[in-house]
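Novice: A predicted structure for the sequence below; I have some questions about it.
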Amino acid sequence: MLTISQLAAYAGVTVRAVRHYHKIGLLPEPERDRSGYRTYDAAAVVRLIRIRTLADAGVPLAKVQELLDAGPEEFADGVQEIDKDLRAEIRRLQGTRSRLARLAAGEHLALPQSVVDYLDRLRGLGVGERYIELERDAWIMIAAQVPDLIDSVIAKKHEELDDPDMVRLYSFFTGEPDWRAGDPRIVEVADILERLMIRAVEAGEVGADDFDDQFVDLMDSTMLESAPGAELVLAILKERGWRGWTRIERVPADRLPPS
(Lines give C-alpha, C1' and ligand atoms only; values in the text may rest on other atoms or scores of the structure.)
Protein backbone atom coordinates (compact mmCIF):
# COMPACT_ATOMS: atom_id res chain seq x y z
CA MET A 1 0.00 0.00 0.00
CA LEU A 2 1.15 3.54 -0.77
CA THR A 3 1.03 6.83 1.06
CA ILE A 4 -0.27 9.88 -0.75
CA SER A 5 3.33 11.06 -1.36
CA GLN A 6 4.30 7.73 -2.88
CA LEU A 7 1.14 7.67 -5.01
CA ALA A 8 1.91 11.15 -6.37
CA ALA A 9 5.50 10.15 -7.14
CA TYR A 10 4.46 6.99 -9.01
CA ALA A 11 1.95 8.92 -11.14
CA GLY A 12 4.22 11.91 -11.73
CA VAL A 13 1.99 14.52 -10.09
CA THR A 14 2.10 16.59 -6.94
CA VAL A 15 0.42 15.79 -3.64
CA ARG A 16 -1.55 18.98 -4.09
CA ALA A 17 -2.88 17.67 -7.42
CA VAL A 18 -3.93 14.39 -5.78
CA ARG A 19 -5.87 16.27 -3.13
CA HIS A 20 -7.49 18.42 -5.79
CA TYR A 21 -8.60 15.31 -7.70
CA HIS A 22 -10.05 13.98 -4.45
CA LYS A 23 -11.94 17.24 -3.96
CA ILE A 24 -13.53 17.28 -7.42
CA GLY A 25 -14.36 13.58 -7.36
CA LEU A 26 -11.97 12.31 -10.02
CA LEU A 27 -9.98 10.11 -7.64
CA PRO A 28 -11.79 8.29 -4.81
CA GLU A 29 -10.42 9.16 -1.41
CA PRO A 30 -9.72 6.00 0.67
CA GLU A 31 -10.64 5.59 4.29
CA ARG A 32 -7.96 6.05 6.90
CA ASP A 33 -6.28 2.98 8.29
CA ARG A 34 -5.89 2.16 11.99
CA SER A 35 -2.90 4.49 12.18
CA GLY A 36 -4.93 7.38 10.80
CA TYR A 37 -3.28 7.41 7.37
CA ARG A 38 -4.88 7.12 3.96
CA THR A 39 -3.25 4.41 1.83
CA TYR A 40 -3.61 3.67 -1.86
CA ASP A 41 -3.48 0.48 -3.93
CA ALA A 42 -2.37 -0.20 -7.51
CA ALA A 43 -5.82 0.64 -8.90
CA ALA A 44 -5.45 4.17 -7.54
CA VAL A 45 -2.05 4.51 -9.26
CA VAL A 46 -3.49 3.38 -12.59
CA ARG A 47 -6.48 5.73 -12.31
CA LEU A 48 -4.27 8.65 -11.34
CA ILE A 49 -1.93 8.01 -14.28
CA ARG A 50 -4.94 7.96 -16.61
CA ILE A 51 -6.17 11.24 -15.12
CA ARG A 52 -2.74 12.83 -15.57
CA THR A 53 -2.43 11.54 -19.16
CA LEU A 54 -5.82 12.97 -20.15
CA ALA A 55 -5.10 16.30 -18.44
CA ASP A 56 -1.69 16.56 -20.10
CA ALA A 57 -3.37 15.95 -23.47
CA GLY A 58 -5.48 19.04 -22.94
CA VAL A 59 -8.69 17.34 -21.83
CA PRO A 60 -10.62 19.65 -19.48
CA LEU A 61 -10.96 18.15 -16.00
CA ALA A 62 -14.73 18.43 -16.35
CA LYS A 63 -14.50 15.92 -19.24
CA VAL A 64 -11.95 13.57 -17.64
CA GLN A 65 -14.50 11.77 -15.46
CA GLU A 66 -16.70 11.12 -18.50
CA LEU A 67 -13.81 9.60 -20.45
CA LEU A 68 -12.54 7.52 -17.54
CA ASP A 69 -15.91 5.80 -17.26
CA ALA A 70 -16.51 5.46 -21.02
CA GLY A 71 -16.31 2.30 -23.09
CA PRO A 72 -13.91 2.09 -26.07
CA GLU A 73 -16.35 3.53 -28.62
CA GLU A 74 -17.60 6.28 -26.34
CA PHE A 75 -14.00 7.09 -25.42
CA ALA A 76 -13.03 7.51 -29.10
CA ASP A 77 -16.05 9.73 -29.75
CA GLY A 78 -15.28 11.83 -26.70
CA VAL A 79 -11.66 12.32 -27.73
CA GLN A 80 -12.73 13.41 -31.22
CA GLU A 81 -15.13 15.95 -29.73
CA ILE A 82 -12.40 17.35 -27.49
CA ASP A 83 -10.00 17.49 -30.45
CA LYS A 84 -12.61 19.48 -32.39
CA ASP A 85 -12.93 21.95 -29.50
CA LEU A 86 -9.16 22.25 -29.19
CA ARG A 87 -8.74 22.96 -32.91
CA ALA A 88 -11.39 25.69 -32.67
CA GLU A 89 -9.56 27.18 -29.68
CA ILE A 90 -6.25 27.05 -31.59
CA ARG A 91 -7.84 28.97 -34.48
CA ARG A 92 -9.19 31.53 -32.02
CA LEU A 93 -5.79 31.97 -30.41
CA GLN A 94 -4.09 32.26 -33.80
CA GLY A 95 -6.58 34.98 -34.73
CA THR A 96 -5.80 36.75 -31.46
CA ARG A 97 -2.07 36.57 -32.19
CA SER A 98 -2.63 37.98 -35.68
CA ARG A 99 -4.64 40.87 -34.24
CA LEU A 100 -1.93 41.54 -31.65
CA ALA A 101 0.70 41.57 -34.40
CA ARG A 102 -1.35 44.11 -36.35
CA LEU A 103 -1.80 46.24 -33.24
CA ALA A 104 1.97 46.23 -32.76
CA ALA A 105 2.28 47.79 -36.22
CA GLY A 106 0.33 50.85 -35.04
CA GLU A 107 -1.76 51.83 -38.05
CA HIS A 108 -3.28 48.35 -38.30
CA LEU A 109 -5.41 49.19 -35.27
CA ALA A 110 -8.99 49.29 -36.64
CA LEU A 111 -7.73 49.64 -40.22
CA PRO A 112 -7.82 47.06 -43.05
CA GLN A 113 -4.64 46.37 -45.00
CA SER A 114 -5.94 48.27 -48.05
CA VAL A 115 -6.05 51.54 -46.07
CA VAL A 116 -2.60 50.95 -44.57
CA ASP A 117 -1.22 50.47 -48.09
CA TYR A 118 -2.90 53.69 -49.21
CA LEU A 119 -1.38 55.65 -46.32
CA ASP A 120 2.03 54.22 -47.22
CA ARG A 121 1.53 55.46 -50.79
CA LEU A 122 0.82 58.94 -49.44
CA ARG A 123 4.06 58.74 -47.48
CA GLY A 124 5.79 57.84 -50.73
CA LEU A 125 4.50 61.13 -52.14
CA GLY A 126 6.14 62.95 -49.25
CA VAL A 127 2.98 63.70 -47.29
CA GLY A 128 3.82 64.71 -43.71
CA GLU A 129 2.89 62.62 -40.68
CA ARG A 130 0.56 65.30 -39.34
CA TYR A 131 -1.68 64.94 -42.36
CA ILE A 132 -1.21 61.14 -42.46
CA GLU A 133 -2.63 61.00 -38.93
CA LEU A 134 -5.62 63.08 -40.02
CA GLU A 135 -6.26 60.74 -42.96
CA ARG A 136 -5.76 57.67 -40.76
CA ASP A 137 -8.34 58.81 -38.20
CA ALA A 138 -10.81 59.64 -40.97
CA TRP A 139 -10.35 56.20 -42.55
CA ILE A 140 -10.85 54.50 -39.18
CA MET A 141 -14.27 56.16 -38.94
CA ILE A 142 -15.11 55.36 -42.57
CA ALA A 143 -14.05 51.71 -42.21
CA ALA A 144 -16.29 51.35 -39.17
CA GLN A 145 -19.21 53.00 -41.00
CA VAL A 146 -19.01 51.03 -44.27
CA PRO A 147 -16.75 47.98 -43.64
CA ASP A 148 -18.00 46.10 -46.70
CA LEU A 149 -17.23 49.01 -49.04
CA ILE A 150 -13.89 50.21 -47.71
CA ASP A 151 -11.74 48.22 -50.17
CA SER A 152 -13.64 49.53 -53.20
CA VAL A 153 -13.46 53.08 -51.82
CA ILE A 154 -9.70 52.76 -51.37
CA ALA A 155 -9.33 51.33 -54.89
CA LYS A 156 -11.00 54.53 -56.16
CA LYS A 157 -8.61 56.64 -54.06
CA HIS A 158 -5.65 54.87 -55.67
CA GLU A 159 -7.06 55.75 -59.10
CA GLU A 160 -7.36 59.37 -58.03
CA LEU A 161 -3.68 59.41 -57.09
CA ASP A 162 -2.90 58.87 -60.77
CA ASP A 163 -4.39 62.34 -61.41
CA PRO A 164 -1.68 65.06 -61.50
CA ASP A 165 -4.07 67.46 -59.75
CA MET A 166 -4.45 65.06 -56.82
CA VAL A 167 -0.69 64.59 -56.59
CA ARG A 168 -0.26 68.37 -56.67
CA LEU A 169 -2.87 68.72 -53.92
CA TYR A 170 -1.02 66.33 -51.63
CA SER A 171 2.23 68.15 -52.33
CA PHE A 172 0.94 70.99 -50.15
CA PHE A 173 0.96 68.68 -47.15
CA THR A 174 4.59 67.55 -47.15
CA GLY A 175 5.55 69.64 -44.15
CA GLU A 176 3.80 71.23 -41.21
CA PRO A 177 2.06 74.19 -42.87
CA ASP A 178 0.50 77.05 -40.96
CA TRP A 179 -1.63 78.70 -43.60
CA ARG A 180 -3.21 82.07 -42.98
CA ALA A 181 -5.55 84.30 -44.93
CA GLY A 182 -3.77 85.81 -47.92
CA ASP A 183 -1.48 82.82 -48.45
CA PRO A 184 -1.53 82.17 -52.24
CA ARG A 185 -1.48 78.42 -51.63
CA ILE A 186 -5.00 78.66 -50.22
CA VAL A 187 -6.37 79.81 -53.57
CA GLU A 188 -4.39 77.19 -55.49
CA VAL A 189 -5.70 74.42 -53.24
CA ALA A 190 -9.25 75.70 -53.77
CA ASP A 191 -8.68 75.74 -57.55
CA ILE A 192 -7.41 72.16 -57.50
CA LEU A 193 -10.29 70.98 -55.35
CA GLU A 194 -12.79 72.66 -57.63
CA ARG A 195 -11.34 70.92 -60.68
CA LEU A 196 -11.55 67.59 -58.86
CA MET A 197 -15.12 68.29 -57.79
CA ILE A 198 -16.12 69.23 -61.35
CA ARG A 199 -14.68 65.93 -62.60
CA ALA A 200 -16.62 64.07 -59.91
CA VAL A 201 -19.83 65.79 -61.03
CA GLU A 202 -19.14 64.98 -64.69
CA ALA A 203 -18.45 61.33 -63.78
CA GLY A 204 -21.75 61.08 -61.90
CA GLU A 205 -20.01 60.48 -58.58
CA VAL A 206 -21.92 63.18 -56.69
CA GLY A 207 -25.18 62.37 -54.97
CA ALA A 208 -26.39 59.57 -52.69
CA ASP A 209 -23.78 57.79 -50.57
CA ASP A 210 -23.69 55.23 -47.78
CA PHE A 211 -23.08 57.74 -44.97
CA ASP A 212 -25.76 59.18 -42.69
CA ASP A 213 -25.96 62.96 -42.16
CA GLN A 214 -24.53 62.78 -38.62
CA PHE A 215 -21.47 60.92 -39.87
CA VAL A 216 -20.93 63.45 -42.69
CA ASP A 217 -21.11 66.30 -40.14
CA LEU A 218 -18.57 64.49 -37.94
CA MET A 219 -16.16 64.03 -40.84
CA ASP A 220 -16.50 67.69 -41.88
CA SER A 221 -15.97 69.01 -38.37
CA THR A 222 -12.92 66.76 -37.86
CA MET A 223 -11.39 68.05 -41.08
CA LEU A 224 -12.04 71.69 -40.14
CA GLU A 225 -10.45 71.23 -36.72
CA SER A 226 -7.39 69.34 -37.95
CA ALA A 227 -6.52 70.34 -41.53
CA PRO A 228 -4.49 73.54 -41.89
CA GLY A 229 -6.29 76.20 -43.93
CA ALA A 230 -9.37 74.00 -44.50
CA GLU A 231 -11.78 76.67 -43.29
CA LEU A 232 -10.23 79.24 -45.65
CA VAL A 233 -10.44 76.83 -48.59
CA LEU A 234 -14.09 76.06 -47.85
CA ALA A 235 -14.86 79.77 -47.68
CA ILE A 236 -13.47 80.27 -51.20
CA LEU A 237 -15.43 77.31 -52.55
CA LYS A 238 -18.57 78.61 -50.87
CA GLU A 239 -18.09 81.99 -52.56
CA ARG A 240 -17.98 80.12 -55.88
CA GLY A 241 -21.27 78.39 -55.09
CA TRP A 242 -20.09 75.02 -53.81
CA ARG A 243 -21.26 73.50 -50.55
CA GLY A 244 -20.05 70.40 -48.80
CA TRP A 245 -16.76 68.59 -48.25
CA THR A 246 -17.27 64.95 -47.34
CA ARG A 247 -20.45 65.10 -49.39
CA ILE A 248 -20.95 67.69 -52.16
CA GLU A 249 -24.39 69.11 -51.40
CA ARG A 250 -24.60 71.97 -53.86
CA VAL A 251 -23.09 72.26 -57.33
CA PRO A 252 -22.94 75.73 -58.94
CA ALA A 253 -24.08 75.34 -62.53
CA ASP A 254 -22.13 78.38 -63.69
CA ARG A 255 -18.85 76.74 -62.57
CA LEU A 256 -19.35 73.69 -64.76
CA PRO A 257 -18.11 73.62 -68.37
CA PRO A 258 -20.77 73.60 -71.09
CA SER A 259 -22.06 70.06 -71.65
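Specialist: That came through fine.

Novice: elements contacting the host helix or strand of residue 136?
Specialist: If you go by DSSP states H and E, residue 136 is part of helix 129-145. On a contact count with 3 or more C-beta pairs under 8 Å, 6 or more residues apart in numbering; DSSP states H and E, helix 129-145 meets helix 113-124, helix 150-160, helix 213-226. To be clear about C-beta, it is placed using only N, CA and C from the backbone, and glycine gets the same treatment.

Novice: can you put those helices in CSV and add mean neighbour count, mean pLDDT and distance to residue 55?
Specialist: Below are the helices and strands packed on helix 129-145 laid out as CSV (neighbours: other C-beta atoms under 10 Å; pLDDT from 0 to 100; distance: least, C-beta to C-beta, whole Å):
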stretch, mean neighbour count, mean pLDDT, distance to residue 55
helix 113-124, 15, 90, 40
helix 150-160, 14, 89, 45
helix 213-226, 14, 77, 52
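
Novice: Let me have these in a markdown table, adding distance to residue 35 as columns.
Specialist: Formatted as a markdown table, the helices and strands packed on helix 129-145 follow (distance: least, C-beta to C-beta, whole Å):
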| stretch | distance to residue 35 |
| --- | --- |
| helix 113-124 | 70 |
| helix 150-160 | 75 |
| helix 213-226 | 78 |
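
Novice: Can you check which of those gets nearest to residue 170?
Specialist: With C-beta to C-beta, the closest approach to residue 170 among these belongs to helix 113-124: 6.5 Å.

Novice: And that closest one, how far out from the chain middle?
Specialist: On the basis of C-alpha atoms, centre = their mean, to the nearest Å, helix 113-124 is displaced by 17 Å from the centre of the chain it belongs to.

Novice: same for that helix, what does it pack against?
Specialist: By 3+ C-beta pairs under 8 Å, 6+ apart, helix 113-124 packs against helix 129-145, helix 150-160.
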